[in-house]
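1. Okay, here's the prediction I keep looking at, along with the sequence it came from:
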Amino acid sequence: SMFILGLGMVFLGLDLMKQGLTPIRGMPDFVAWFSRFQADTYWGVVKCIMVGAAVTAIIQSSSATVGITMALAATGIINYPTAAGLVLGENIGTTITAYLASLGTTRNAKRAAYAHMIFNTLGVMWITPLFFIYTKGVVWFVTSFMGCDMPEVSVLVNGVATYPHVEKAIAATHSGFNILNMLVFLPWVGVYSKFLMWLAPDKAAPETPKLTYLDIRMFDT
């Protein structure tokens, strides 16, 4: 029951954000600020990635920032390519949580945090030059296999234009990036682990695993 309730609250929260952001698209100052970030060129994609990474690092929750990105796109404030660029950046920004959790912990914990950071950062680096090909592939996938229209197709809800198809495209962009990145890294796991051992070498005196106290910092993470 708690699982079903929690899952339902996630979608309720997304819907509330979408409704709450609807009036913002009529504010010229807000629209003008967001118009600076358009993923229509390579540099525009890089700017969207940096914004997504910075905001997620501050909030320390990629789930929240992806939800906000979906809400902005669903109300027409940003288009799909811009949302896709933000999502890629959010994958980098979310690694700050694991890094902060690894401070003052064992070497293996540090290696796990570094693995997360490098995995996401390198993944964004190799997919950015292919950004426009990748987003076209995502649009083809959602229109061919998920029964969606193009992301820019609007639907009138109570006389207000919304873009429900773009939400599925953003979800597919997020999932597709992580799946593709995993497939690229999978053959290199052995080399990757050796690199992490070099990056965070063992101490001269071996660490003895023992429970000392429950770190309050770990509870939130």
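-> Arrived safely, thanks for sending. Residues are numbered from 1 along each chain as shown.
2. give me phi/psi at Ser150?
-> Quick fix: residue 150 is Met, not Ser. The phi/psi pair for Met150 (degrees, to the nearest 10) reads phi -60, psi 150.
3. Contact partners for it?
-> Going by Cβ atoms under 8 Å, 6 or more residues apart in numbering, Met150 touches 139, 143, 165. In this view, the C-beta of every residue, glycine as well, is placed from N, C-alpha and C.
4. After the helix or strand in which Ala57 is found, which helix or strand is next? Please name it.
-> Secondary structure assigned from DSSP states H and E places Ala57 in helix 42-59. Heading C-terminal from helix 42-59, the first helix or strand you meet, by DSSP H and E, is helix 62-74.
5. Just the CA trace of that next one, in CSV.
-> Taking C-alpha atoms only, helix 62-74 is exported to CSV below (Å, rounded to 0.1, in the frame of the first residue of the first chain):
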residue,chain,number,x,y,z
SER,A,62,18.0,14.4,-10.4
SER,A,63,14.4,13.1,-9.9
ALA,A,64,13.3,16.6,-9.0
THR,A,65,15.1,18.3,-11.8
VAL,A,66,14.0,15.8,-14.4
GLY,A,67,10.4,16.3,-13.1
ILE,A,68,10.8,20.1,-13.4
THR,A,69,12.2,19.7,-16.9
MET,A,70,9.2,17.6,-17.9
ALA,A,71,6.9,20.2,-16.4
LEU,A,72,8.6,23.1,-18.3
ALA,A,73,8.4,21.1,-21.6
ALA,A,74,4.8,19.9,-21.1
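6. Give me the angle between that helix and helix 42-59.
-> Orientation of helix 62-74 against helix 42-59 (axes from the mean of the first three to the mean of the last three Cα atoms, to 10 degrees) gives an angle of 130 degrees.
7. Report the helix or strand with the lowest average pLDDT across this structure.
-> Here the helix or strand of the chain ranked lowest by mean pLDDT, DSSP states H and E is helix 216-220, holding a mean of 66.
8. all strands of this protein, in order?
-> Using DSSP state E, the strands assigned to the chain run over residues 155-157, 160-162.
9. What residues sit buried inside stretch 187-202?
-> Buried residues in stretch 187-202, defined by neighbour count with 16 or more other Cβ atoms under 10 Å: 192, 196, 200.
10. Just send the residues you listed back as TSV, with pLDDT too.
-> As requested, those are exported to TSV (pLDDT from 0 to 100):
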residue	pLDDT
Tyr192	93
Leu196	92
Ala200	86
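11. Make CSV out of those and add distance to Asp15.
-> Below are the buried residues of stretch 187-202 laid out as CSV (distance: Cβ to Cβ, whole Å):
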residue, distance to Asp15
Tyr192, 40
Leu196, 41
Ala200, 43
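12. out of the residues you listed, who's nearest Val66?
-> Tyr192 (25.8 Å; Cβ to Cβ).
13. what sits against that closest one?
-> Applying Cβ under 8 Å, 6+ apart to Tyr192 gives the contacts 115, 185.
14. roughly how far apart are it and Trp43?
-> Going from Tyr192 to Trp43 by Cβ to Cβ, to the nearest Å gives 30 Å.
15. Then Ala73?
-> Distance from Ala73 to Trp43, by Cβ to Cβ: 21 Å.
16. Looking at these two, which one has more neighbours?
-> A direct count of neighbours by other Cβ atoms under 10 Å for Ala73 and Trp43 places Ala73 higher, at 27 against 9.
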